[in-house]
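Asker: The following block contains a protein sequence and its predicted model.
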Amino acid sequence: GAVVSQHPSRVICKSGTSVKIECRSLDFQATTMFWYRQFPKKSLMLMATSNEGSKATYEQGVEKDKFLINHASLTLSTLTVTSAHPEDSSFYICSASKQGYGYEQYFGPGTRLTVT
Amino acid sequence: KNQVEQSPQSLIILEGKNCTLQCNYTVSPFSNLRWYKQDTGRGPVSLTIMTFSENTKSNGRYTATLDADTKQSSLHITASQLSDSASYICVVSASTNAGKSTFGDGTTLTVKP
């Protein structure tokens, strides 16, 4: 149990366009979902935390207008990168927790975004 | 400031050998410590989770230890296999500040035949 999926696994988009990444908890209801960004050979950097039905909490330095997060249900969260630029190219990973902050997180397989 | 430091940064061992990865933290007050394995280009997968009262936990060939007094944890891998090649990430959560998790930078393990 505790499987998290992400879609798409890879996406290439042109500069200036927007791209949406979906994160789904397949076999459990996620109280909280997290979005991370990971640079090569670096650990995960938390971007934002979202609870179902409420606004996401963004980490310092993360532009909320650029990285739109919607947590519409207990099994689905989406991250939309708006007006993407090449510097937004990265590996984006979501995770979901059954119990919320500070508890076991189940990670998705990640989405490789390349902005040309 | 809550910090998690992992060592070594990278490690190369021969298949079949054992190895130990270290994690030191300053997160306080402590809630739990988790070890994850992350294959290249994939999301992290949980190996162990330990709370304050636990000082050893095993998951197959992986054994994690926790010393809450010295704020240290280790992950021991026995009889390494080529598939153990990955990044191993230590994550520590606080029991306050909304249980915020602090991630270590990871140890990159390479197992060679």
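Answerer: Okay, I see it.
Asker: and stretch A:46-53, what's its mean pLDDT?
Answerer: In this model, stretch A:46-53 has a mean pLDDT of 88.
Asker: List the buried residues for it?
Answerer: For stretch A:46-53, a neighbour-count test (16 or more other CB atoms under 10 Å in any protein chain shown) marks A:L46, A:M47, A:A48, A:T49, A:S50, A:N51, A:E52 as buried. For every residue, glycine as well, the C-beta is placed using N, CA and C.
Asker: what's near enough to touch the fifth one?
Answerer: Going back to what we said before, that points to A:S50. A:T32, A:M33, A:F34, A:W35, A:A56, A:T57, A:I69, A:N70, A:H71, A:S77 (CB atoms under 8 Å, 6 or more residues apart in numbering or on different chains).
Asker: So what sits opposite it in the bridge?
Answerer: A:M33 (DSSP bridges).
Asker: Distance-wise, check it relative to B:S93.
Answerer: 18 Å (CB to CB, to the nearest Å).
Asker: before we move on, the earlier item: just send the buried residues of stretch A:46-53 back as CSV, with distance to B:L82 too.
Answerer: Shown next, in CSV, are the buried residues of stretch A:46-53 (distance: CB to CB, whole Å):
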residue, distance to B:L82
A:L46, 31
A:M47, 33
A:A48, 36
A:T49, 36
A:S50, 38
A:N51, 40
A:E52, 41
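Asker: Out of these, which is nearest to B:M50?
Answerer: A:L46 (21.1 Å; CB to CB).
Asker: Quick check: pLDDT value at the residue nearest the centre of chain A.
Answerer: Among the residues of chain A, the one closest to the centroid is A:W35, at 3.4 Å (CA atoms, centre = their mean). At A:W35, the pLDDT value in this model is 95.
Asker: Can you spell out which helices and strands pack onto the one helix or strand it maps to?
Answerer: Secondary structure here is read from DSSP states H and E; on that basis A:W35 sits in strand A:32-38. In terms of contacts (3 or more CB pairs under 8 Å, 6 or more residues apart in numbering or on different chains; DSSP states H and E), strand A:32-38 is packed against strand A:19-25, strand A:44-51, strand A:67-73, strand A:76-81, strand A:90-97.
Asker: what's the helix or strand of chain B with the lowest mean pLDDT packed up against?
Answerer: Every helix and strand in chain B was compared by mean pLDDT, DSSP states H and E; the lowest is strand B:101-103, with a mean of 89. Contacts defined by 3+ CB pairs under 8 Å, 6+ apart place strand B:101-103 against strand A:44-51, strand B:86-94.
Asker: will you turn these into a markdown table that also has distance to B:S31?
Answerer: Listed next are the helices and strands packed on strand B:101-103 as a markdown table, based on distance: least, CB to CB, whole Å:
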| stretch | distance to B:S31 |
| --- | --- |
| strand A:44-51 | 16 |
| strand B:86-94 | 4 |
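Asker: Relative to B:P29, which of those strands is closest?
Answerer: Using CB to CB, the helices and strands packed on strand B:101-103 put strand B:86-94 closest to B:P29, at 6.1 Å.
Asker: Which positions in chain A make contact with chain B?
Answerer: A:4, A:6, A:41-46, A:91, A:93, A:95, A:100-110, A:112 (CB under 8 Å from any CB of the partner chain).
Asker: which of the residues you listed are buried?
Answerer: So, by 16+ other CB under 10 Å, the buried ones in the residues of chain A next to chain B are A:4, A:6, A:43-46, A:91, A:93, A:95, A:101-110.
Asker: So, low pLDDT: which residues of chain B?
Answerer: By pLDDT under 70, the weakly predicted segments of chain B are B:96-99.
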